[in-house]
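Trainee: Need a 3D model of the sequence below.
(one chain, ligands or ions: 1)
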Amino acid sequence: MAKLKPSKGAPYARILGVGGYRPTRVVPNEVILEKIDSSDEWIRSRSGIQTRHWANDEETVAAMSIEASGKAIADAGIAAEQIGGVIVSTVSHFKQTPAVATEIADKLGTNKAAAFDISAGCAGFGYGLTLAKGMIVEGSAEYVLVIGVERLSDLTDLEDRATAFLFGDGAGAVVVGPSQEPAIGPTVWGSEGDKSETIKQTVPWNEYDSSTDKFPAITQEGQAVFRWAVFEMAKVAQQALDAAGITPDDLDVFIPHQANERIIDSMVKTLKLPEHVTVARDVRTTGNTSAASIPLAMERLLATGEAKSGDTALVIGFGAGLVYAATVVTLP
Ligand SMILES: CC(C)(COP(=O)(O)OP(=O)(O)OC[C@H]1O[C@@H](n2cnc3c(N)ncnc32)[C@H](O)[C@@H]1OP(=O)(O)O)[C@@H](O)C(=O)NCCC(=O)NCCS
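Mentor: All right, here's what the predicted structure looks like:
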């Protein structure tokens, strides 16, 4: 058996830069109420959401990703050519093949980066981050771009009162690169496919009949998902803290998936996060943007000064699959 050279990667990886793109159109609850029997008060009190952004025809999955990535690359202070990997997490890119990641990599001018899409719902950012860290430590890329991007407005049934108000569009991106010390903790992740029916596309593409069916949309069993998120995800978040060897007292920032502010409140309580921990509440003005929600919330906290570079943050994503991923990171 031939003896192979060991791969030579960086000792550790860290997030070096973050960028976000929110579509120009801001959609208040009043617009949602045109199609469902509900109220602004009900939506705000049950979900925390006041407004969300919806993309126009020009704000495609690729275009929003390129905007967010450009900012992340500038924030990281590197050149696009140094990027060796582009990972795009999305469930709302309508062309099955090729991966949208290759188009994004090309338009960004990256140096023939390995480029691929992943489908991990609202845990997509954590899945991408974990892969990126592995690539950097293993030595197959020096810098990796991780993008979470969605146009969920395309997959929302505006007449479904259980989901019409929840979803939004946008892109968030981070550049991950080498580090001399640990700055992305061990990931606690997994799937519960026995609950795959709780969040799903209404009709598979190959069974969709445009003459009889509504355009496929995301449907969910709201209460079941809510209970799972509240009870199970707090445990996963605690496991990520344990795996990183820290306690809630050591945290500066908590960036959970922006699905529903009541889920966020419940996790804060269960985890007994101290007062000094800044909690992302981007859901209020961004809605649930699935894979984009964590990097968008991260970018906003840093931009507003609510969080600062070097802060220790717990991030946790969870959603369709059901899937989840939690880790502790040092903010860029
Ligand atoms: C969707 C969600 C906000 C609904 O809130 P909820 O408190 O669970 O609401 P329920 O479905 O139990 O409905 C409660 C009542 O409000 C009513 N209701 C449902 N949707 C409504 C709406 N849009 N407007 C007004 N009333 C509504 C229901 O008919 C029900 O009325 P009833 O008590 O008279 O039967 C909540 O379940 C949720 O956020 N779930 C998780 C969503 C999520 O995170 N998904 C993505 C994970 S990635």
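
Trainee: Please list the residues of the stretch 201-332 of the chain that sit near the ligand.
Mentor: The stretch 201-332 of the chain has residues 220, 222-223, 225-226, 229, 259-260, 263, 288, 319 near the ligand, with proximity defined as CB under 6 Å from any ligand atom. No exception for glycine: its C-beta is placed from N, CA and C like everyone else's.

Trainee: which of those has the most neighbours?
Mentor: residue 259 (27 neighbours; other CB atoms under 10 Å).

Trainee: My guess is residue 293 contacts residue 257. True?
Mentor: Yes: contact criterion CB atoms under 8 Å: residue 293 and residue 257 qualify, at 5.4 Å.

Trainee: overlap in contacts of these two?
Mentor: Counting by CB atoms under 8 Å, 6 or more residues apart in numbering, the common neighbours of residue 293 and residue 257 are 122, 317.

Trainee: These two - which one has more neighbours?
Mentor: Between residue 293 and residue 257, counting by other CB under 10 Å, residue 257 is the more crowded of the two (33 against 30).

Trainee: Enumerate every residue touching the more buried one.
Mentor: Residue 257 sits next to 122-123, 288, 293-294, 316-319 when contact means CB under 8 Å, 6+ apart.

Trainee: Okay, it and residue 68: tell me how far apart.
Mentor: Distance, residue 257 to residue 68, using CB to CB, to the nearest Å: 17 Å.

Trainee: what about the residue lying closest to residue 11 once chain neighbours are set aside, how many neighbours?
Mentor: The spatial neighbour of residue 11 that comes closest, neighbours along the chain excluded (CB to CB, 6 or more residues apart in numbering), is residue 180 at 6.2 Å. The number of residues packed near residue 180 is 9, by other CB under 10 Å.

Trainee: likewise residue 73?
Mentor: 24.

Trainee: Buried ones in stretch 21-31, by neighbour count?
Mentor: Neighbour counts over stretch 21-31 (16 or more other CB atoms under 10 Å) mark 21-23, 27, 29, 31 as buried.

Trainee: swap in stretch 197-205?
Mentor: Buried residues in stretch 197-205 (16+ other CB under 10 Å): 198-200.

Trainee: how far does it stretch from start to finish?
Mentor: Terminal residues of stretch 197-205 are spaced 16 Å apart (CA to CA, to the nearest Å).

Trainee: what residues does that stretch touch?
Mentor: 121, 155, 157, 213-214, 216-221, 224-225, 228, 319-322.

Trainee: if we go to 6 Å?
Mentor: For stretch 197-205, contacts defined as CB atoms under 6 Å, 6 or more residues apart in numbering pick out 213, 216-217, 219-221, 224-225, 320.

Trainee: Pick the one among the contacts of residue 257 closest to residue 146.
Mentor: Nearest to residue 146 among these: residue 294, at 10.2 Å, using CB to CB.

Trainee: can you tell me the helix or strand for the closest one?
Mentor: helix 293-304 (DSSP states H and E).

Trainee: what comes up buried for that helix?
Mentor: Those buried within helix 293-304 under the rule 16+ other CB under 10 Å are 293-302.

Trainee: And for stretch 104-124?
Mentor: Per 16+ other CB under 10 Å, stretch 104-124 contains these buried residues: 104-105, 108, 110, 113-118, 120-124.

Trainee: What parts of the stretch 51-200 of the chain come near the ligand?
Mentor: 122, 161-162, 165.

Trainee: These, buried ones only, as a ChimeraX selection?
Mentor: Applying 16+ other CB under 10 Å to those, the buried members can be selected in ChimeraX as follows:
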select :122,161,165
